[in-house]
Structure formats: structure tokens, C-alpha cells
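Participant: fold the following for me, if possible:
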Amino acid sequence: MKAIRISQYGDPSVMQLVDIPQPKPGPGDALVRVYSAGVNYADIYFRTGAGRVPIPFPYTLGMEGAGVVEAVGERVGEVEVGDRVSYTTRELGSYAEYQVVKAMSLALLPKELSFEDAAAVTLQGLTAHYLLHDFYPIKRGSTVLVHAAAGGMGLLLVQWLKHMGAVAIGTVSTQEKAKVATAAGADHVILYSKDDFAEEAKKLTNGRGVDYVIDGVGKTTFTKNLDALRVRGWATIFGMASGPADPMSPNALAAKSITISGGALFNYTATREELLRRMKDVFKGVREGWLKLRVKHSFPLAQAAEAHRLLEGRQTTGKLILTV
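Facilitator: As a prediction, this is how the structure comes out:
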């Protein structure tokens with residue numbers, strides 16, 4: 001089978017399309033014929049080594065996919081051969097024609113959802129769900145600042161916030177991205193490449209500061225989040241697109257009694273029950289039409305390196321997909 005593998009850390013040129021043996025499912029596993037794979041910023045961490053998770057070389061990239069169950073191992077009751085499924089998993093390997101996945105990690109696809117749409121919404125939809133439901137108690141009228149609001153993750157967050165009745169404030173790097181975030185429902189968009197986002201956020205809230213900041217950027221944004229927040233505000237960091245956030249003294253939080261949380265998806269999909277509960281809400285939003293997917297770029301598997309170049313260069317809006 002075809003797969004995108006790396007044998008060393010580096011730039012996108014280390015990604016190679018190779019032929020490897022088709023895997024076989026073991027007990028509790030399912031073999032999925034992958035038709036679409038989601039491209040996520042976390043994939044770049046694993047390509048460059050920034051993920052800090054030692055994995056023996058060579059390995060296949062990809063944390064998210066959608067396809068059809070081709071075979072199952074022993075003691076599998078969650079899915080059957082022929083089921084249409086999507087998944088996100090810590091066991092890398094979705095940049096390939098086939099992947100063995102723990103059956104408990106598979107979600108059955110609604111018939112109206114395409115493989116491409118499923119690969120666009122599974123990882124980021126689940127992430128949006130826990131970021132919006134498990135930390136700051138968002139209410140109608142809550143002010144929430146979303147960094148990188150025109151990316152695949154940011155667009156889902158903005159739309160979900162509007163569905164919840166919150167005031168969504170997005171930060172973006174270009175005027176083009178500002179238009180995309182506004183079209184998704186952002187009430188206000190801050191061009192952080194031009195303006196100080198913390199000062200602008202305070203202006204938009206009459207000097208009070210925002211209730212909640214959701215940050216997947218990290219190094220270039222996180223310290224400033226403290227300035228943007230109101231007294232007793234809350235910030236959650238879940239990514240590091242610009243690098244790890246700088247160290248800070250916990251005492252710096254005391255002046256405004258700020259709460260900081262860290263989020264990682266797999267801590268919030270630890271059981272099959274939790275995974276399916278969140279996935280049900282995500283698919284419901286897509287079916288009802290208030291959660292719209294923006295698949296701006298779709299590449300064949302052989303062009304996975306180009307997808308990484310675009311994503312890493314922040315030249316994209318919406319979600320990137322590989323068709324397998």
C-alpha cells in the first residue's frame with residue numbers, strides 16, 4: 001500500500017511516498033481503508049520533532065482519517081466490515097491507503113456526511129467541543145477571543161460560539177483571513193499583524209477585557225492573553241503553532257485572578273462513551289447546518305508535502321485534506 005513516511009525530522013522534503021505492507025488488525029482493532037485524511041498542525045510537530053514524542057523511524061504521519069472498515073480483529077463489537085467511519089488517534093498513520101485503528105476510536109458516519117467532510121471535522125470538531133464545554137462556562141453574551149480565527153480550528157470555534165450566543169472576537173494575520181472569519185460569524189476581527197490584540201480586545205469590551213481566550217498559537221500570543229483578559233478571566237492553551245509559550249511565573253496570575261488551563265484532545269476522549277457523546281454533538285451541528293465546513297485545499301496523498309508547506313507557511317484558511 002502507499003503511505004507518506006518519514007525517516008528523519010525536517011522540512012516537508014523528508015516526507016516520502018513509499019510502498020509498505022498492508023497492516024493486519026489485531027484483537028480490538030479494525031483495518032480501515034482510508035479515503036480522506038485530515039492535515040493538522042500537530043502533524044507538523046511530528047514531522048519536525050517538536051511533538052516531543054519519541055517514535056522509532058520510519059513512521060507514517062497523520063492523526064485523522066475517514067474511510068470504510070475492511071476487516072476487524074478478535075473481540076471487536078463496536079464496528080463491522082463495511083461501516084463508514086472517521087477517527088482521530090494518537091497512533092499515527094492516516095496518511096496511507098490503510099490504517100489499523102483501535103475499534104473503540106471509530107465513530108460511525110452519518111450517511112449524509114462525505115469522507116472529506118468527516119476528515120475535516122473529526123479532530124477539530126472534538127477539540128472545539130471540549131474547549132467550549134469543559135473550561136470557562138460560556139453563556140449568552142460571554143466575550144471569547146479566538147486566535148487564528150480563519151483556520152480550520154478557528155472557524156469551527158467561531159461558529160460554535162455564535163450558536164451558543166457568545167460574542168466571538170477573532171485574531172487573524174491578513175485582511176483576506178479577516179473576511180473569512182467575519183463570514184463565519186465573528187463579531188469582531190483583530191488584525192494582530194497590525195494592531196496590539198490585547199489593547200483592541202479591551203477597547204471592544206469597554207476596557208474590561210474578555211471573559212475567555214482560546215489559544216492554539218502559543219509563543220507569539222500567550223503572554224499577551226493575560227493583558228486581554230478581564231479580572232477573573234480564563235485562558236486555555238491547546239496548541240503551539242508559533243512554538244511553545246514562554247515560561248511565566250504563576251504569581252503573575254494573581255493580580256487579576258486569572259485561570260489558565262491546558263488542553264489535549266485525547267484527555268477529553270479517554271473513553272468510548274465520551275468520544276461518541278462529543279462526536280454526536282459535532283455531527284449534529286453539521287447536519288443542522290450551523291456548523292459549516294470550509295475545505296479550502298484538497299491534495300492527493302502524493303502531494304502531502306505541499307499541504308504541509310502551505311499550512312506551515314500560514315497560507316491557508318479552513319481545513320486541508322488529503323485524498324487517498
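Participant: what about the strands in the stretch 1-150 of the chain?
Facilitator: 2-6, 16-19, 29-39, 59-60, 64-72, 84-88, 98-102, 107-108, 143-146 (DSSP state E, counting those that start in this stretch).
Participant: and the angle from the longest one to strand 2-6?
Facilitator: I take that to be strand 29-39. Per axes from the mean of the first three to the mean of the last three Cα atoms, to 10 degrees, the angle that strand 29-39 makes with strand 2-6 is 70 degrees.
Participant: got the domain ranges for this protein?
Facilitator: As recorded under automatic domain parsing, the domains making up the chain are 2-122+268-323, 135-266.
Participant: closest one to residue 128 among those?
Facilitator: Taking Cβ to Cβ as the criterion, residue 128 comes closest to domain 135-266 out of these, the separation being 4.5 Å. For glycine as for every other residue, the C-beta is placed from the backbone atoms N, C-alpha and C.
Participant: quick check: end-to-end length of the closest one?
Facilitator: 16 Å (Cα to Cα, to the nearest Å).
Participant: I'd like the average pLDDT over that domain.
Facilitator: The average pLDDT within domain 135-266 is 97.
Participant: ditto for stretch 25-44
Facilitator: This predicted structure assigns stretch 25-44 an average pLDDT of 97.
Participant: show me what counts as buried in it.
Facilitator: Residues 25, 29-44 are the ones in stretch 25-44 that count as buried (16 or more other Cβ atoms under 10 Å).
Participant: how far off centre is it?
Facilitator: Average the C-alpha atoms of stretch 25-44, do the same for its chain, and the two points are 15 Å apart (Cα atoms, centre = their mean, to the nearest Å).
Participant: how about stretch 200-214?
Facilitator: The offset between the C-alpha centroid of stretch 200-214 and the centroid of the whole chain comes to 24 Å, using Cα atoms, centre = their mean.
Participant: got the contact list for it?
Facilitator: Contacts with stretch 200-214, where a contact means Cβ atoms under 8 Å, 6 or more residues apart in numbering, come from 131, 135-136, 138, 142-147, 157, 169, 188, 190, 225, 227-231, 233-236, 238, 256.
Participant: and what of stretch 296-306?
Facilitator: Judged by Cβ under 8 Å, 6+ apart, the contacts made with stretch 296-306 from elsewhere in the structure are 2, 4, 12-13, 15, 17, 37, 39, 61, 95-97, 116, 307, 310, 316-324.
Participant: try 7 Å this time
Facilitator: Here stretch 296-306 makes contact (Cβ atoms under 7 Å, 6 or more residues apart in numbering) with 2, 4, 12-13, 15, 17, 95, 116, 307, 310, 316-318, 320-324.
Participant: got it, and stretch 11-24?
Facilitator: So stretch 11-24 is in contact with 1-6, 8, 31, 47, 61, 98, 100, 301-302, 304-305, 308-309, going by Cβ under 7 Å, 6+ apart.
Participant: make a PyMOL selection of whichever of these turn out to be buried.
Facilitator: Those of the contacts of stretch 11-24 that meet the burial criterion (16+ other Cβ under 10 Å) are gathered into one PyMOL selection, given here:
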select buried, resi 3+4+5+6+31+47+61+98+100+301+304+305+308
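Participant: so what's the most centrally placed residue in the chain up against?
Facilitator: For the chain, residue 124 is the residue whose C-alpha lies nearest the centre (Cα atoms, centre = their mean; 3.4 Å). In this structure, residue 124 makes contact with 152, 153, 156, judged by Cβ under 7 Å, 6+ apart.
Participant: now, the residues you listed that are in helices?
Facilitator: With helices taken from DSSP state H, the overlap with the contacts of residue 124 comprises 152, 153, 156.
Participant: can you put these in a markdown table and add neighbour count?
Facilitator: Output for the ones in helices among the contacts of residue 124, formatted as a markdown table (neighbours: other Cβ atoms under 10 Å):
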| residue | neighbour count |
| --- | --- |
| 152 | 29 |
| 153 | 26 |
| 156 | 29 |
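Participant: would a markdown table of the residues you listed with distance to residue 280 be doable?
Facilitator: What follows is these, written out as a markdown table (distance: Cβ to Cβ, whole Å):
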| residue | distance to residue 280 |
| --- | --- |
| 152 | 20 |
| 153 | 20 |
| 156 | 16 |
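Participant: please report how far the residue lying closest to residue 281 once chain neighbours are set aside lies from residue 156.
Facilitator: Excluding its sequence neighbours, the residue lying closest to residue 281 (Cβ to Cβ, 6 or more residues apart in numbering) is residue 129, at 5.9 Å. When Cβ to Cβ, to the nearest Å is applied, the distance between residue 129 and residue 156 equals 9 Å.
Participant: do residue 4 as well
Facilitator: Look at residue 4 and residue 156: by Cβ to Cβ, they are 25 Å apart.
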